[in-house]
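Trainee: Below: sequence and its predicted model.
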Number of protein chains: 2
Amino acid sequence: MANQATLFVVSAPSGAGKRTVLKLVLARDAGLEYAVSATTRRARPGEVNGRDYVFLDVGEFRRRVDGEQFVEWAEVHGNLYGTLREELARRLPSGKDVVLEVDVQGMRNLKALRNDLVTVFIMPPSFEELKTRMRKRAANDEANIALRLENAREEMAARHEYDYIIVNDVVEEAVEDMLAIVRAQRRRSTRQR
Amino acid sequence: MANQATLFVVSAPSGAGKRTVLKLVLARDAGLEYAVSATTRRARPGEVNGRDYVFLDVGEFRRRVDGEQFVEWAEVHGNLYGTLREELARRLPSGKDVVLEVDVQGMRNLKALRNDLVTVFIMPPSFEELKTRMRKRAANDEANIALRLENAREEMAARHEYDYIIVNDVVEEAVEDMLAIVRAQRRRSTRQR
C-alpha cells in the first residue's frame, strides 16, 4: 500500500522544552525528518546554521518574503521566523514524514494552505514551571521573561486548535507521546490507499 | 485536564491474529480493558466463560436480544455474536479505555450509535498467508475454510471504513502499532477538555 508522507506541525510556548523533545524523537524515528525554519534572530551557542535554523539577516529575510519563498512567516519576540517553501518541497516527496516547528499563527496559516497536517501542541506542566525554566536561561532578563510569559499565555489559550496536546512534564513520556502520534498516523487508513 | 475514555473497536478477518495482538496489547497497557462479547459458538480449548466470551445458548441469546440487552449483534459463520449493553456501561465510566472486538457489520452498527469510537482493522499480511493460517487450525475443514476465506475477502474490502489499518505481519510490530494508536488517542485535544 502506498504511504504518503505527513507534515507534523509542532508549536509550544518558549520554555516548554519543544526542542529537547523533538531532538530525541528525531533520533529514534528514522522515518521522520526535521524541516529547518529560517529566522533573523541570532544563533545561540551550539546552534548550527542550516541544521537548527537557516540564519538570515533582516534584509535577506525580507527579500525572500518579497520573492514569495516562504509558506508562512511571522514576527515573534521582535524576530522574524518563517518556513521556506523549498524546505518542504525538498523533504516531503521523499516519502518521509516531516516535522516543522511554528508558532500558533504559523500553524493557522499552514492549516489554511494544506489539509495533510497533523498539529501538535507541547505544554509545560504548569505556568509556574514555565517561569522557573525561563529564569534558568541566562539570556533572559526579567522584562524579556514577562514578554515571553504573556506570549506563552496567549499561545496556550490556542492549544485546542491543535489535533494533539502533549504535556512535557517527564521528557521521556513526552517523547513517547510524540513517537506514538507519528506511528499511529502511519496506520491511518486515509494514508494507506 | 479531564480525560474521557475511548472505545476502540477492532475487527479482523478470522485468522488475522487479532486475539494474539490484543492479548499482548492488553498485557502492556494498564489503562486499557477488554469488553467481553457474547456468543453462541462453543468454547474452544483454553477459552474461559466471562473472560474470552460470555458463552450463551441460542435460546438465552435470543431472549437477551428481545430484552434489548445488546448494543449490536450479528450472525457470523452460523453463530450469534453480540456486545452486551451492560458490558460497556460497566467499563467505560471507570475512565479506562475499552477495546471491543466486532465484525464489520458490528462496527457499522456501533458507529451509527456512538461518535466516540476509534476503529481499527487488523489485516493478515496476504491472502495466501491467511489461507495457510486457517489450514493450521485443525478444527477447520476445507468447506469451512472456503466459507471463512470468502467472508475474509468481504471484510477486507471494508477496511477503509476504519480509522486505522494494521497489517499483522510481525506480531510485535502490530502490537506496537496498536499501543501507539491507543497512546496517541489519549493525547487528542478533544479528549483533554
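Mentor: Nice, I can see it. The shown structure was predicted, so the numbers you read here are calculated from the model rather than taken from an experiment.
Trainee: C-alpha from now on. contacts and neighbour counts both.
Mentor: Noted.
Trainee: Can you name the residues of chain A that neighbour chain B?
Mentor: A:159-166, A:177-181, A:183-184, A:187-190, A:192 (C-alpha under 8 Å from any C-alpha of the partner chain).
Trainee: all strands in chain A, in order from the N-terminus.
Mentor: A:7-11, A:32-35, A:37-39, A:53-55, A:70-76, A:79-84, A:97-101, A:117-123, A:164-167 (DSSP state E).
Trainee: contact partners of the third one?
Mentor: Put plainly, it is strand A:37-39. A:52-56, A:61, A:79-84, A:100-101 (C-alpha atoms under 8 Å, 6 or more residues apart in numbering or on different chains).
Trainee: again, only using 10 Å
Mentor: Residues outside strand A:37-39 that contact it (C-alpha atoms under 10 Å, 6 or more residues apart in numbering or on different chains): A:49-58, A:61, A:70, A:73-76, A:79-84, A:87, A:100-102.
Trainee: Likewise for the second one?
Mentor: The list of residues contacting strand A:32-35 from outside it, by C-alpha under 10 Å, 6+ apart, reads A:5-9, A:22-23, A:25-27, A:50-53, A:83-84, A:86-88, A:90-92, A:95-101, A:179, A:182.
Trainee: What mean pLDDT does stretch A:120-128 get?
Mentor: Averaged over stretch A:120-128, pLDDT sits at 93.
Trainee: Just the ones in helices from the residues of chain A next to chain B, please.
Mentor: Judged by DSSP state H, the subset of those located in helices is A:177-181, A:183-184.
Trainee: returning to that earlier point: what subset of the contacts of strand A:32-35 is buried?
Mentor: A:5-9, A:22, A:25-26, A:52-53, A:83-84, A:87-88, A:91-92, A:96-101, A:179, A:182 (16 or more other C-alpha atoms under 10 Å in any protein chain shown).
Trainee: which stretches of chain A have low pLDDT?
Mentor: Along chain A, segments meeting pLDDT under 70 span A:1-3, A:138-140.
Trainee: Go again with 50.
Mentor: A:1-2 (pLDDT under 50).
Trainee: Arrange the strands of chain A in a markdown table, one row each, with distance to residue A:130 as further columns.
Mentor: As requested, the strands of chain A are exported to a markdown table (distance: least, C-alpha to C-alpha, whole Å):
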| stretch | distance to residue A:130 |
| --- | --- |
| strand A:7-11 | 15 |
| strand A:32-35 | 25 |
| strand A:37-39 | 23 |
| strand A:53-55 | 23 |
| strand A:70-76 | 18 |
| strand A:79-84 | 21 |
| strand A:97-101 | 19 |
| strand A:117-123 | 9 |
| strand A:164-167 | 12 |
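Trainee: Tell me which of the ones you listed approaches residue B:43 most closely.
Mentor: Nearest to residue B:43 among the strands of chain A is strand A:164-167 (41.5 Å), distances taken as C-alpha to C-alpha.
Trainee: Filter the residues of chain A next to chain B down to just the buried residues.
Mentor: Using 16+ other C-alpha under 10 Å, the buried members of these are A:159-166, A:177-181, A:183-184, A:187-190.
Trainee: residues touching the most centrally placed residue in chain A, list them.
Mentor: In chain A, the residue lying closest to the centroid (C-alpha atoms, centre = their mean) is residue A:101, at 1.4 Å. Neighbour list for residue A:101: A:8-12, A:18-19, A:22, A:34-37, A:82-83, A:107, A:120 [criterion: C-alpha under 10 Å, 6+ apart].
Trainee: any idea how far residue B:38 is from it?
Mentor: Residue A:101 is 48 Å from residue B:38, where distance means C-alpha to C-alpha, to the nearest Å.
Trainee: swap in residue A:21?
Mentor: In terms of C-alpha to C-alpha, residue A:21 sits 44 Å off from residue B:38.
Trainee: before we move on, back to that, narrow the contacts of residue A:101 to those that are buried.
Mentor: Buried among those by 16+ other C-alpha under 10 Å: A:8-12, A:18, A:22, A:34-37, A:82-83, A:107, A:120.
Trainee: Name the nearest of these relative to chain B.
Mentor: Nearest to chain B out of the buried ones among the contacts of residue A:101 is residue A:120 (C-alpha to the nearest C-alpha; 8.9 Å).
Trainee: in the sheet, who's paired with that closest one?
Mentor: Per DSSP bridges, the residues bridged to residue A:120 are residue A:10, residue A:164.
Trainee: What separation do you get for it and residue A:163?
Mentor: 6 Å.
Trainee: hey, what's in contact with both of those two?
Mentor: A:9, B:187-189.
Trainee: Could I get the residues you listed in JSON lines, plus columns for distance to residue A:66?
Mentor: Below are the shared contacts of residue A:120 and residue A:163 laid out as JSON lines (distance: C-alpha to C-alpha, whole Å):
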{"residue": "A:9", "distance to residue A:66": "24"}
{"residue": "B:187", "distance to residue A:66": "38"}
{"residue": "B:188", "distance to residue A:66": "37"}
{"residue": "B:189", "distance to residue A:66": "36"}
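Trainee: Next, count neighbours for residue A:142.
Mentor: 10 (other C-alpha atoms under 10 Å in any protein chain shown).
Trainee: measure residue A:106 to residue A:61 for me?
Mentor: Per C-alpha to C-alpha, residue A:106 is found 16 Å from residue A:61.
Trainee: Could you do residue A:116 as well?
Mentor: Separation of residue A:116 from residue A:61 (C-alpha to C-alpha) stands at 27 Å.
Trainee: So if I had to pick from the two, which one is more boxed in?
Mentor: Remark: of residue A:116 and residue A:61, residue A:61 carries more neighbours, 21 against 14, as counted by other C-alpha under 10 Å.
Trainee: Might you report the residue contacts of the more buried one?
Mentor: Contacts of residue A:61 (C-alpha under 10 Å, 6+ apart): A:38-40, A:55, A:67, A:69-70, A:73, A:80-82.
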